[in-house]
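> Need a 3D model of the following:
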Amino acid sequence: MKNRTIRLANQAEKEILKYKDDTALWMKHCTGQDADPHQQLAIMEIEEHPNAIIVWPPRFGKTWSMEAVNLRDLFCYPKESLLLFGPKQDQANNALREHLDWIEGSELLKSYLAMKRGKRQFSETKYELLNGSRAKTMGILGQIDSEEASIIRGEEFDDMDLERWNDRVLSRGGRKNRSGKPTRYRLSGTIQKGKGNIFQMMHSGLYHVVSQFNIYHGLEFGIYDENAINLMKAEMTDDEWLRIFLLIFTEAKNFIWESYLNKCIEAGFRIGWDGVEYRPGGEYKPQGIVYAGFDCGHSGMKKQRSVYRLELVEYVGSRALWLNGFEWDPTDDPDKIKRELVDIWRYYQVSGGYGDALKANFIAEINDALYDQGLTSIDRSKNPENKPPDWVKWALAPMWNSGKFKYLAASETKKMIEHSKLFLPYFHRKDDRHIAKMMRRLVRCLLNVRSVDNKTSYPSLEIIKPQLGDDAFDALNMATICANDRQIAPVDFSKAAASGPELETGQMADSMLGELLGVGGEAGFEDF
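Numbering: from 1, shown residues only. Presented below is the predicted three-dimensional model:
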C-alpha cells in the first residue's frame, strides 16, 4: 500500500511540475482556472520580483493573482513555507480559501496533500504537501514567534498594524530557505488610509508595484456592473472614492481628520475591541457608564439622507468605547422605534443620554416608556407640560442639536478622537453584520462634515455629501457631550424599578446647560 502511494505521488508530481515555469498555464493545467489578461500581467510581475505589492480596486482579482503564484510555488518547489497574514485571521482565511477551493476542485492537487496518521493535512487555516511545503494563516496580532516562512503574504495591507508587521512579521523570513529560493514578501490591498501603509511601501523603493488598474479600466474590461458602481459611489465619501477606486492618495481635511480617526480604530484593534452586538432578551454588563445619543429623522439641516440614529458609548474613566449604533427610517412606525429603542436601552443598561429637541414630544414618550419599564425614576406625569427646564432631569434629555450646541458637541467628539480616547472597532469590508454596517456608516458620517467660518464666534458645520448625511455624527456627538456635561451616575439595573435611582446631573463650572437653554430660547420653546 505504501509503495502504491509513493508511486501515485511520483506520478502526480511529474504532472504538477509540467508547466511550473508558466503560472497562468500551470493554473489552467492543474485547476482548470483561466487568468484574465490583467491577471496574467500581474502574475508575470510577481514572479519576477521577490518583493511585490499589488493595489487594485475591490473585486478586481488581486488576491486571485497573488495566490495563484503562491500555490504554484508551494506545489512546485520543496520545503516552501507560506505565512498568510491579515489584520484579523478570518481575512487571511478568506485568502487561503482560494487555495483550498482550487485543491478541492482538482484531483491532481488533492492527491499531493500530505497524510499524517491516516489523516489528510488540510483545514481552513493550513495545509501541507508531500514535498514538505506548507501554508498557514495568521492574524497580525497572533502568536508568531515560533513561525518561519519563505513566503510572507500580507492581505488588506493598509489595515495592518505596521509597527507589528515591521517588528515581528518581517523577521519570520530571516533564515535561508530550504527551497533555495529567496524569501518573498507579497502584499495586496486597497488604499484605505490616505498616506498609510500602502503609500509607505509603494514609495519605499523596496517593493515592485504591480501594474495598476482603476475602476474605469475595470468597467472597460467588463469586470464591473456600472449601475452597481454608481450605487457604491453614492454611499462613499469623495476621498474614499478617489483612494479605493481611482487609486489616488488623498488626506481628508474635514472637521474630524481621518488620520486621527484611524488611530482610534487602531487603538480599538490593538485591545481587541469589537463593539457589543445587540442580542434581544440578553443583557450587556458594562464596566463603566453607558451614554446614548439619539438623532431624529428629518431634523436639523436639510439633507437627502435622514434617519433616526442611536449611538451608544461606554465611558470607563476618561476613555470611551463605542458599543453599537442603530438606525430607523423616518417612515417607520413611531411606536416600533420607541419600543425597540427602549429594549436596546435595557440591553445595554444605558444610564442617560441626549436626543434632538426638534422631536421633543417623541422623546417625552420614550421617557414615559423608560419609566413604565422601570429604567428611570423620572415620572413625567407630575410635570406633563414638556417644558425645557424639566428636560435636564429626563433619562433621555432633549437638546437643540444645531448652532452653537452642535459645534460644541462636535468639538468634544473631535477632542476625544484627536487624543485617541475613543476606541472604535475594526471591521473588514466583507463583514456584513449589523454592527459592522453601523460602524462603517459612522465613520463615513464623521468624515462627511466640514467647518466653515462665518460671522459668529464659532464656525458652522456643513455636510459635504448630502447622500451620506450626518445623522450618526450628530448622534455620537450627543452621546459624548452628555458624558462630558451631565456626569450621570450609573444606574443599578438590578434594583431599578418605577421608584428607582434618579439621574444625577453634575454641576460643572463649565457646564453647557446654561448655553443650551440660551440656544433653545432663540428657537422658541412655546412650540412644545
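
> Is Gln91 located within a helix, as I assumed?
Yes: assessed by DSSP: H, G, I helix; E, B strand; the rest coil, Gln91 belongs to a helix.

> right, and Arg164 touches Gly142 too?
No: in this structure Arg164 lies outside contact range of Gly142 using Cβ atoms under 8 Å: 10.0 Å. To be clear about C-beta, it is placed using only N, CA and C from the backbone, and glycine gets the same treatment.

> Asn262: which element?
helix 258-270 (DSSP states H and E).

> Show me what that helix is packed up against.
Using 3 or more Cβ pairs under 8 Å, 6 or more residues apart in numbering; DSSP states H and E, the elements in contact with helix 258-270 are helix 403-418, strand 422-423, helix 434-446.

> Helices along the stretch 251-400 of the chain, start to end?
Ranges of helices in the stretch 251-400 of the chain, per DSSP state H, counting those that start in this stretch, are 258-270, 334-348, 360-372, 388-391.

> how about the CA coordinates for the first one, as PDB?
So the one you mean is helix 258-270. The C-alpha trace of helix 258-270 is given here as PDB (Å, rounded to 0.1, in the frame of the first residue of the first chain):
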ATOM      1  CA  GLU A 258      -9.200  60.800   9.000                       C
ATOM      2  CA  SER A 259      -5.700  60.200  10.300                       C
ATOM      3  CA  TYR A 260      -6.900  60.700  13.900                       C
ATOM      4  CA  LEU A 261     -10.000  58.600  13.300                       C
ATOM      5  CA  ASN A 262      -7.700  55.800  12.000                       C
ATOM      6  CA  LYS A 263      -5.700  56.000  15.200                       C
ATOM      7  CA  CYS A 264      -8.900  55.400  17.200                       C
ATOM      8  CA  ILE A 265      -9.600  52.300  15.100                       C
ATOM      9  CA  GLU A 266      -6.100  51.100  15.500                       C
ATOM     10  CA  ALA A 267      -6.300  51.600  19.300                       C
ATOM     11  CA  GLY A 268      -9.500  49.500  19.400                       C
ATOM     12  CA  PHE A 269      -7.900  46.900  17.200                       C
ATOM     13  CA  ARG A 270      -4.900  46.500  19.500                       C
END
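
> mean confidence for that helix?
Helix 258-270 carries an average pLDDT of 91.

> So for it, what gets flagged as buried?
Within helix 258-270, the residues that count as buried by 16 or more other Cβ atoms under 10 Å are Glu258, Tyr260, Leu261, Asn262, Lys263, Cys264, Ile265, Glu266, Ala267, Gly268, Phe269.

> Likewise for the longest one?
Of all the residues in helix 334-348, those buried under the rule 16+ other Cβ under 10 Å are Ile337, Lys338, Glu340, Leu341, Val342, Ile344, Trp345, Arg346, Tyr347, Tyr348.

> Might one say that the last one is in contact with Leu312?
The one in question is Tyr348. Yes: using Cβ under 8 Å, Tyr348 is in contact with Leu312, at 5.4 Å.

> who touches both of those two?
Val290, Leu323, Asn324 (Cβ atoms under 8 Å, 6 or more residues apart in numbering).

> ok, now how distant is the nearest residue to Gly297 once chain neighbours are set aside from His428?
Leaving aside its chain neighbours, Gly297 sits nearest to Pro330 (3.2 Å; criterion: Cβ to Cβ, 6 or more residues apart in numbering). Pro330 sits 30 Å away from His428, going by Cβ to Cβ, to the nearest Å.

> For Asn386, grab phi and psi.
phi 60, psi 60 (degrees, to the nearest 10).

> tally of neighbours for it?
18 (other Cβ atoms under 10 Å).

> show me the residues around it that make contact.
With contact taken as Cβ under 8 Å, 6+ apart, Asn386 is in contact with Ala360, Asn361, Ala364, Arg380, Phe528.

> Asn94 versus the third one, what's the distance?
Think Ala364. From Ala364 across to Asn94, the span is 48 Å (Cβ to Cβ).

> So for the two, which residue has more residues nearby?
Ala364 (21 against 18).

> shouldn't that one be in contact with Ser381?
No: the pair Ala364 and Ser381 fails to qualify as a contact (Cβ under 8 Å) at a distance of 11.1 Å.

> on that earlier part again, can you name the residues in contact with the helix holding Asn262?
87, 141, 161, 193-194, 196, 239, 251-252, 321-322, 417-418, 420, 422-426, 443, 446-447.

> Let's see the ChimeraX selection covering just the buried ones among the residues you listed.
To isolate the buried members of these in ChimeraX, using 16+ other Cβ under 10 Å:
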select :87,141,161,193,194,196,239,252,321,322,417,418,420,422,423,424,425,426,443,446,447
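
> which regions of the stretch 251-400 of the chain lie under the pLDDT threshold?
Applying pLDDT under 70 to the stretch 251-400 of the chain flags the ranges 252, 298-305.

> those helices in the stretch 1-150 of the chain, which residues are they?
All helices of the stretch 1-150 of the chain, identified by DSSP H, counting those that start in this stretch, fall at 2-16, 23-31, 37-48, 62-76, 89-104, 107-110.

> Output the ones you listed as JSON lines; include the columns distance to Glu462 and mean pLDDT.
Below are those laid out as JSON lines (distance: least, Cβ to Cβ, whole Å; pLDDT from 0 to 100):
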{"stretch": "helix 2-16", "distance to Glu462": "61", "mean pLDDT": "68"}
{"stretch": "helix 23-31", "distance to Glu462": "51", "mean pLDDT": "94"}
{"stretch": "helix 37-48", "distance to Glu462": "40", "mean pLDDT": "95"}
{"stretch": "helix 62-76", "distance to Glu462": "36", "mean pLDDT": "96"}
{"stretch": "helix 89-104", "distance to Glu462": "36", "mean pLDDT": "94"}
{"stretch": "helix 107-110", "distance to Glu462": "57", "mean pLDDT": "93"}
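
> which of those sits most buried?
helix 62-76 (a mean of 23; mean count of other Cβ atoms under 10 Å).

> for that one, packing partners?
Judged by 3+ Cβ pairs under 8 Å, 6+ apart, helix 62-76 is in contact with helix 23-31, helix 37-48, strand 51-55, strand 81-86, helix 89-104, strand 134-139, strand 151-154, strand 184-189.

> Distance to Trp273 added to these, as a markdown table?
A markdown table is the format used below for the helices and strands packed on helix 62-76 (distance: least, Cβ to Cβ, whole Å):
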| stretch | distance to Trp273 |
| --- | --- |
| helix 23-31 | 40 |
| helix 37-48 | 35 |
| strand 51-55 | 28 |
| strand 81-86 | 18 |
| helix 89-104 | 16 |
| strand 134-139 | 15 |
| strand 151-154 | 23 |
| strand 184-189 | 22 |
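
> And those: which comes nearest Ser402?
Nearest to Ser402 among the helices and strands packed on helix 62-76 is strand 184-189; the distance by Cβ to Cβ comes to 39.8 Å.

> so who does the nearest residue to Ile363 once chain neighbours are set aside touch?
Excluding the flanking residues, the one nearest Ile363 by Cβ to Cβ, 6+ apart is Gly355, at 4.4 Å. Going by Cβ under 8 Å, 6+ apart, Gly355 touches Gly293, Phe294, Asp295, Cys296, Ile363, Ile366, Leu396, Ala397, Pro398, Met399, Met478.

> Any idea what the spatially closest residue to the second one that is not a sequence neighbour is bridged to?
By the measure of Cβ to Cβ, 6+ apart, the closest residue to Phe294 outside its immediate chain neighbours is Gly355, 3.8 Å from it. In this structure, Gly355 bridges to Phe294, Pro398 when assessed by DSSP bridges.

> and the gap between Gly355 and Lys338?
12 Å.

> what residues do those two have in common as contacts?
By Cβ under 8 Å, 6+ apart, Gly355 and Lys338 have these common neighbours: Ile366.

> Compute the number of surrounding residues for Gly105.
Using other Cβ under 10 Å, Gly105 is surrounded by 12 other residues.

> For it, list the residues it contacts.
Counting by Cβ under 8 Å, 6+ apart, Gly105 makes contact with Thr31, Gly32.

> Could you tell me what pLDDT the model assigned to the closest residue to Asn131 other than its chain neighbours?
Counting by Cβ to Cβ, 6+ apart, Asn131 lies nearest to Pro78, which is 4.2 Å off, once chain neighbours are set aside. Listed pLDDT for Pro78 reads 93.
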